[in-house]
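> Here is a sequence with its predicted model. Questions after.
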Amino acid sequence: MKPSDIRIGFAPLARPTFDLELAREVTAGLRAAVAADGYQIIGAQDLIMDASAMDARIAELQAADVDMLLIAQATFADSAMALELARALEATPLLMWAFPEAVVGGRLRINSFCGINLAGHGLRRAGRPYEYIYAAPDDAAGHGKLRSFAIAAGVKSRLNGVRIGRLGENPAGFDTCLVNHAGLKRQLGIEVAQYALTPFFERVRQADPERVGAAATVLRGQLAGFDDVDATAANGTLGVYAVMDELARDEALSGMAVRCWPEFFTELGCAACGAMSLLSDKNLPTACEADVNGTITQLILGWISGEPAFGSDLVSFDAEADEAVLWHCGLAPLSMADPDPQPEATIHSNRELPLLMQFPLKPGRVTIARLSEATGEFRLAVGGGEMLKAPPAFTGTSGRIRFDSGAAAVMDALLREGLEHHVSITYGDHQAVLESLAQVLGLSVLRL
């Protein structure tokens, strides 16, 4: 998510009994620095000091449907104005910024910190979440914190109204993939649309042969051994890809969760995995075993990183080498492949039908996450690590990872917390944004 996608409502608060010249200087400096970061800023730098100015600013910010509210504590003020803004934009993530003041032995010119102290007390008593920054207008660390909070606020706004398609039900015994329709709608604003497999399979059997052929031509140049796998089954997978893509477009779906076995193999005669890989590379995240929360996690990671995400099992831990193995049958997006060996077309290791992608994951920094409901309440599991350059650990798509907190600690957290067996990864370090997102969504964080 780019800063230009995020609308920040700006509200500088002040009292006329303080040094308004300095107040206007720091306010203008902060607004200019935030604008230079690339965000859309709603609201002028004019100081808000009375009821009429407050009413006008609230009306402006409500009409603009801002993603977050930035209160600049230009001078000391009691908590009344901050609380009025917070109530008027009750669902909008709130960040307060206060300014350090030179200790020179003379007049206390703006007393900004005391202002957010009073505001914070009032907000806490009112049960209103908030975040704060205490820094100069151009402070780099302050703008780093603003970035994490702003992206999180943008993701929160974007989640509201999202539709996830669920093809079939989770397999028996896979309670890790149960879906909480009401909870997702209430907490995240997400709607889950349920689709039956049988009519979907009928559409696949009638998939446009030209589109299937075009996809096959592209993959023939990307995957070694493409022509060595069963062509009928491979074309079936590409028909799945075409129909899922059409369904997502026609139904305004932002992602899909698929009951990928056994019916795709037993009734359609092909694997869903390759289709899911191709869709994820088109920024339409998909998860296997009808794992809606896995799809949502991938969607969030993709928005934050600007790159595809991969939903995977953790299948092996080596405490002595301090490594673990991420693996799945063959649905990782091709953009995650190590560039050295060419990715291969392959068959499912258990069902022995194509089309799946086979490659080791490329080395680099990764973020791991999971929207979890293991405790009966939603929370966000967050971790980081380094994907290592290594040969394939198993058939399908796999990668060796060294976690920041160590393999033993992650394994212990997974098992003691009863975390779901799917986690999602994307490249880059996005842990700070995820922690801010958990805050604005009202979720607790499980550190991995």
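Here it is on my side, so go on. Residues are numbered from 1 along each chain as shown.

> contacting residues around A32?
P137 (Cβ atoms under 8 Å, 6 or more residues apart in numbering). The C-beta positions use only the backbone N, C-alpha and C, and glycine is treated the same way.

> The helix or strand encompassing it: which residues count as buried?
Using DSSP states H and E, A32 maps to helix 20-36. By neighbour count on 16 or more other Cβ atoms under 10 Å, the buried set for helix 20-36 is L20, L22, A23, R24, V26, T27, G29, L30, R31, A33, V34.

> residue ranges for the helices of the stretch 101-250 of the chain, please.
Using DSSP state H, counting those that start in this stretch, the helices of the stretch 101-250 of the chain run over 112-125, 140-159, 181-188, 197-205, 209-222, 231-250.

> Make JSON lines from those and add mean pLDDT, distance to A172 and mean neighbour count to it.
Formatted as JSON lines, the helices of the stretch 101-250 of the chain follow (pLDDT from 0 to 100; distance: least, Cβ to Cβ, whole Å; neighbours: other Cβ atoms under 10 Å):
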{"stretch": "helix 112-125", "mean pLDDT": "97", "distance to A172": "46", "mean neighbour count": "19"}
{"stretch": "helix 140-159", "mean pLDDT": "98", "distance to A172": "30", "mean neighbour count": "21"}
{"stretch": "helix 181-188", "mean pLDDT": "96", "distance to A172": "19", "mean neighbour count": "15"}
{"stretch": "helix 197-205", "mean pLDDT": "97", "distance to A172": "15", "mean neighbour count": "15"}
{"stretch": "helix 209-222", "mean pLDDT": "96", "distance to A172": "32", "mean neighbour count": "14"}
{"stretch": "helix 231-250", "mean pLDDT": "97", "distance to A172": "23", "mean neighbour count": "21"}
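
> would you turn those helices into CSV with distance to S405?
Output for the helices of the stretch 101-250 of the chain, formatted as CSV (distance: least, Cβ to Cβ, whole Å):
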stretch, distance to S405
helix 112-125, 31
helix 140-159, 20
helix 181-188, 27
helix 197-205, 40
helix 209-222, 35
helix 231-250, 36
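
> roughly how far apart are M49 and A74?
Distance, M49 to A74, using Cβ to Cβ, to the nearest Å: 9 Å.

> tell me the domain boundaries of this structure?
What automatic domain parsing lists as the domains of the chain is 3-159, 163-447.

> I'd like the distance from the shortest one to the chain centre, please.
Relative to the centre of its chain, domain 3-159 is centred 25 Å away, using Cα atoms, centre = their mean, to the nearest Å.

> Start and end of it, how far apart?
One end of domain 3-159 to the other measures 17 Å (Cα to Cα, to the nearest Å).

> Quick one: mean pLDDT over the host helix or strand of N293.
Secondary structure from DSSP H and E places N293 in helix 292-305. Mean pLDDT, helix 292-305: 98.

> Between helix 140-159 and that helix, find me the angle.
Relative orientation of helix 292-305 versus helix 140-159 (axes from the mean of the first three to the mean of the last three Cα atoms, to 10 degrees): 140 degrees.

> Quick one: work out the angle between helix 292-305 and helix 181-188.
Going by the same axes, to 10 degrees, helix 292-305 makes 20 degrees with helix 181-188.

> wait, isn't Y134 in contact with M96?
No - here Y134 does not reach M96: they are 9.1 Å apart, not a contact under Cβ atoms under 8 Å.

> between these two, what contacts are shared?
In terms of Cβ under 8 Å, 6+ apart, Y134 and M96 are both contacted by the residues I116.

> Looking at these two, which one has more neighbours?
Using other Cβ atoms under 10 Å, the more surrounded residue of Y134 and M96 is M96, with 24 against 15.

> List the beta-bridge partners for that one.
I71, Y132 (DSSP bridges).

> ok but P341 is inside a strand, no?
No - the assignment for P341, made by DSSP: H, G, I helix; E, B strand; the rest coil, is coil rather than a strand.

> Pull the number of nearby residues for it.
So P341, with other Cβ under 10 Å, has 13 neighbours.

> cool, R7 as well?
R7, neighbours per other Cβ under 10 Å, totals 19.

> ok, now I41?
18.

> same question, the one 4 residues further on
Using other Cβ under 10 Å, Q45 has 16 other residues around it.

> My guess is it contacts E25. True?
No - with contact defined as Cβ under 8 Å, Q45 does not reach E25; the gap is 10.2 Å.

> which residues does G311 contact?
Contacts of G311 by Cβ under 8 Å, 6+ apart are 285-288, 291, 294-295, 297-298, 328, 331, 422-424.

> Repeat that for G383.
T367, I368, A369, F403, D404, S405, V410, Q431, R447, L448.

> Could you tell me the per-residue confidence at the residue nearest to W97 when sequence neighbours are not counted?
Leaving aside its chain neighbours, W97 sits nearest to I133 (4.7 Å; criterion: Cβ to Cβ, 6 or more residues apart in numbering). Looking at I133, its pLDDT is 98.

> Next one: I133 from R370, what distance?
In this view, I133 and R370 are 29 Å apart by Cβ to Cβ.

> Between those two, tell me which one has more neighbours.
R370 (26 against 21).

> The more buried one and A381 touch, don't they?
Yes - checked against Cβ under 8 Å, the pair R370 and A381 is within contact range at 4.2 Å.

> Need the residues touching each of the two.
With Cβ under 8 Å, 6+ apart, R370 and A381 have common neighbours L419, V423.

> picking up where we left off before, Serialize the contacts of G383 to JSON lines and add fields for distance to T395.
Below are the contacts of G383 laid out as JSON lines (distance: Cβ to Cβ, whole Å):
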{"residue": "T367", "distance to T395": "26"}
{"residue": "I368", "distance to T395": "22"}
{"residue": "A369", "distance to T395": "26"}
{"residue": "F403", "distance to T395": "24"}
{"residue": "D404", "distance to T395": "28"}
{"residue": "S405", "distance to T395": "29"}
{"residue": "V410", "distance to T395": "24"}
{"residue": "Q431", "distance to T395": "31"}
{"residue": "R447", "distance to T395": "32"}
{"residue": "L448", "distance to T395": "26"}
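
> buried stuff in stretch 435-448?
Buried-residue list, stretch 435-448, by 16+ other Cβ under 10 Å: E435, S436, L437, A438, Q439, V440, L441, L443, L446, L448.

> so where do the strands sit in the stretch 301-448 of the chain?
Along the stretch 301-448 of the chain, counting by DSSP state E, counting those that start in this stretch, strands occupy 310-318, 323-328, 344-346, 356-360, 364-372, 379-388, 397-403, 422-427, 444-447.

> Just want the angle from the fourth one to strand 323-328.
The one in question is strand 356-360. Using the same axes, to 10 degrees: strand 356-360 against strand 323-328 is 160 degrees.

> export the buried residues of helix 20-36 to CSV and tack on pLDDT?
Listed next are the buried residues of helix 20-36 as CSV, based on pLDDT from 0 to 100:
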residue, pLDDT
L20, 97
L22, 96
A23, 97
R24, 97
V26, 97
T27, 97
G29, 97
L30, 98
R31, 98
A33, 97
V34, 98
